[in-house]
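Colleague: Sequence first, predicted coordinates after that:
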Amino acid sequence: MWTKEFFGMDVYHIVTAFFVYSVLGWLVESIYMSFCNRKLTNRGFAKGPFCPIYGFGAVIGYIVLHPLKGNVVLLYFTGAILATVFEYLVGLAMKKIFGIVWWDYNNKPFNYKGMICLESTVAWGFYAIIIVFFLHKAVLSLIDSHQVLFNRNLILVLYGLVAIDYVFQICRALNIDLKEKIEDKYMAIKARWY
């Protein structure tokens, strides 16, 4: 499974790069928003340092945009437009599922429904160039600097922790009392055995 290839990258590198980009995205955005808010700000949905929108955006962005490496202007505009469309679609999905979007551009000029804005679109184009020309190579070097078996085991443990974190946060966002449900299941199992 780990060696199967998609778009010139094996599953191992895709899955691990997704994790690295999700953590890097969380780190950059949390630092930026902490600076803007003048207080520490966790920009992730969950408690841990993980923003999957950046993982998806960076990995899919690299796969789609890498062929444009020879034309920086086309790379910039394509990256800016694709990332803006992606951000808007994620915002719509969040609004539909959770009733709220975790970012708000309403105070930014040239915004649309507070989900996208010109400032971010301009930034996405530069991020596309950075990912294609510099960052992806550094991420792959980081991944390859450790033994594959160690990385695979580590990434499985880390994804397990992220999954637990996300289950709790999704239940909280949807007003599902997970503790009560677990206690009910426990009591039902206990009643069968005693």
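Modeller: Received it, and whenever you're ready, just let me know what you need. Numbering: from 1, shown residues only.

Colleague: low-confidence ranges in the chain?
Modeller: Scanning the chain for pLDDT under 70 picks out 1-2, 194.

Colleague: how about the helices in it?
Modeller: With helices called from DSSP state H, the chain shows them at 11-37, 52-65, 72-98, 118-130, 136-144, 148-173, 178-193.

Colleague: now those as a markdown table including distance to residue 112 and mean neighbour count?
Modeller: From N, CA and C alone the C-beta is placed, and that goes for glycine too. Listed next are these as a markdown table, based on distance: least, Cβ to Cβ, whole Å; neighbours: other Cβ atoms under 10 Å:
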| stretch | distance to residue 112 | mean neighbour count |
| --- | --- | --- |
| helix 11-37 | 20 | 18 |
| helix 52-65 | 17 | 21 |
| helix 72-98 | 7 | 16 |
| helix 118-130 | 9 | 17 |
| helix 136-144 | 29 | 15 |
| helix 148-173 | 24 | 14 |
| helix 178-193 | 35 | 10 |
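
Colleague: Just put those in CSV and tack on distance to residue 110.
Modeller: Shown next, in CSV, are those (distance: least, Cβ to Cβ, whole Å):
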stretch, distance to residue 110
helix 11-37, 18
helix 52-65, 21
helix 72-98, 11
helix 118-130, 4
helix 136-144, 29
helix 148-173, 30
helix 178-193, 41
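
Colleague: ok, the residue nearest the centre of the chain - contacts?
Modeller: Here the mean C-alpha position of the chain is nearest to the C-alpha of residue 52 (Cα atoms, centre = their mean), at a distance of 1.7 Å. Going by Cβ atoms under 8 Å, 6 or more residues apart in numbering, residue 52 touches 18, 22.

Colleague: can you check the one 5 residues further on too?
Modeller: Residues touching residue 57, when contacts are defined by Cβ under 8 Å, 6+ apart, comprise 21, 25, 83, 86, 87.

Colleague: isn't the last one right up against residue 117?
Modeller: Pointing back at residue 87 there. No - if you go by Cβ atoms under 8 Å, residue 87 and residue 117 don't touch, sitting 9.5 Å apart.

Colleague: now, the most widely separated pair of the contacts of residue 57?
Modeller: 21 and 87 (14.9 Å; Cβ to Cβ).

Colleague: that older thread, quick one: the residue nearest to the centre of the chain and residue 115, what's the gap?
Modeller: Per Cβ to Cβ, to the nearest Å, residue 52 is found 17 Å from residue 115.
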